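> With the input below, show me the fold.
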Amino acid sequence: MVLSQEVSVSLSIIALVSLIGAGVGVGSGIGMMSMAAAEQQKKEEGSAPAAAHSPLEPVVISRGFAASIFKH
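From the prediction side, this is the model:
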């Protein structure tokens, strides 16, 4: 099927506009996600630091799978 030059140009313009629209959509989504991440980080910095339940935390020593059959 032979397309005229006007139809070909019209289809090219439509494709270009749709690609630009997709780029704008992706860019605005990335912008919103980065803004939300920045707000969350700012909110976490403003809150009180987390405290441990006990001053002494247990130390877990891993000796590997083969040595795990021997119990202390």
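> which helices and strands sit right next to the strand or helix carrying Gly25?
Using DSSP states H and E, Gly25 sits within helix 5-46. Helices and strands touching helix 5-46, by 3 or more Cβ pairs under 8 Å, 6 or more residues apart in numbering; DSSP states H and E: there are none. (Glycine included, C-beta is placed from N, CA and C.)
> what number of residues lie near Gln41?
Gln41 has 10 neighbours, counted by other Cβ atoms under 10 Å.
> Glu45 now?
Neighbours of Glu45 under the rule other Cβ under 10 Å: 8.
> Report the buried residues of stretch 10-18.
Within stretch 10-18, no residue qualifies as buried by neighbour count (16 or more other Cβ atoms under 10 Å).
> May I have that stretch exported as PDB, CA atoms only?
Output of stretch 10-18 as PDB, limited to C-alpha atoms (Å, rounded to 0.1, in the frame of the first residue of the first chain):
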ATOM      1  CA  SER A  10       1.200  13.100  10.000                       C
ATOM      2  CA  LEU A  11       2.000   9.600  11.400                       C
ATOM      3  CA  SER A  12       5.600  10.700  12.200                       C
ATOM      4  CA  ILE A  13       4.300  13.800  14.000                       C
ATOM      5  CA  ILE A  14       1.800  11.700  16.000                       C
ATOM      6  CA  ALA A  15       4.500   9.200  17.000                       C
ATOM      7  CA  LEU A  16       6.900  12.000  18.000                       C
ATOM      8  CA  VAL A  17       4.200  13.700  20.100                       C
ATOM      9  CA  SER A  18       3.300  10.400  21.800                       C
END
